[in-house]
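1. build the 3D model from these lines:
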Amino acid sequence: MNKHLEQPNDKIFFGFWVYLMTDLLMFAVLFATYAVLRNNTFGGISIQEIFDPPFVLVETLILLTSSFTCGLAILAVNRNNKNLVLTWFRVTFLLGVAFLTMELTEFSHLISEGSSFQASAFLSSFFTLVGTHGLHIAVGLLWIVTLLTKVWKRGLDSGTVRQLTLLSLFWHFLDLVWIFIFTIVYLIGGI
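-> Here you go, the predicted model:
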């Protein structure tokens with residue numbers, strides 16, 4: 001095994017898993033809040049009026065593809081292939097930007113039609129749940145840029161490999177959360 005590709009410190013991994021579990025609890029609370037408030041529209045729009053199946057499906061496919069490219073980047077890390085790591089994380093970044101742009105477009109469209117988070121309890125819970133996920137995507141994108149810069153300048157040292165591994169866990173976690181948002185908010189809610 002390459003000396004640069006040693007396994008990350010168990011304490012760091014454990015700490016990161018604890019962080020992901022606290023994030024999971026936060027999203028669970030946001031899902032529960034959404035479930036309670038989803039019919040409280042105050043005479044305004046509901047998820048049925050928001051749900052645009054082709055748009056949300058494309059958004060979902062983009063994010064799931066970014067999870068695949070992130071996995072390819074980690075395979076390149078395991079092969080100690082700096083150029084492929086840079087390539088696949090750039091593709092992951094671009095897909096993440098595309099996803100976030102679509103999410104912000106949806107929000108902008110709703111707000112321009114007078115359906116902001118202040119219009120009803122439903123919209124407040126919708127914007128909070130989906131927006132919190134979007135904020136996490138934005139943080140992930142900043143993390144990708146930071147690590148791309150490190151890899152480009154310093155290569156794949158053990159610290160960078162550990163950070164890339166944790167980034168990958170974070171990114172896959174966000175994809176998993178989105179699958180629940182897609183299913184619970186858009187599919188089940190849109191019926």
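
2. next structured bit after the longest helix along the chain?
-> If each helix of the chain is counted by residues according to DSSP state H, the longest one is helix 121-154. Remark: after helix 121-154, the chain's next helix or strand is helix 158-180, criterion DSSP states H and E.

3. what about that following helix, distance to the chain center?
-> With C-alpha atoms, centre = their mean, to the nearest Å as the basis, the distance from the averaged C-alpha position of helix 158-180 to the chain average is 9 Å.

4. pull out the buried positions in that helix.
-> When burial is assessed from 16 or more other C-beta atoms under 10 Å, helix 158-180 yields the following buried residues: 160-175, 177-178. To be clear about C-beta, it is placed using only N, CA and C from the backbone, and glycine gets the same treatment.

5. quick one: low-confidence parts of the protein?
-> Per-residue confidence for the chain (pLDDT under 70) gives these ranges: 1-9, 190-191.

6. again, 50 this time
-> Low-confidence segments of the chain, defined by pLDDT under 50, are located at 1-6.

7. just want the angle from the longest helix of the chain to helix 158-180.
-> With axes from the mean of the first three to the mean of the last three C-alpha atoms, to 10 degrees defining the directions, helix 121-154 sits at 160 degrees from helix 158-180.

8. report all helices and strands that helix 121-154 contacts.
-> Helices and strands in packing contact with helix 121-154 are listed as helix 10-37, helix 47-50, helix 82-112, helix 158-180; criterion 3 or more C-beta pairs under 8 Å, 6 or more residues apart in numbering; DSSP states H and E.

9. could you redo the last one with a cut-off of 10 Å?
-> In this structure, helix 121-154 makes packing contacts with helix 10-37, helix 47-50, helix 53-78, helix 82-112, helix 158-180, judged by 3 or more C-beta pairs under 10 Å, 6 or more residues apart in numbering; DSSP states H and E.
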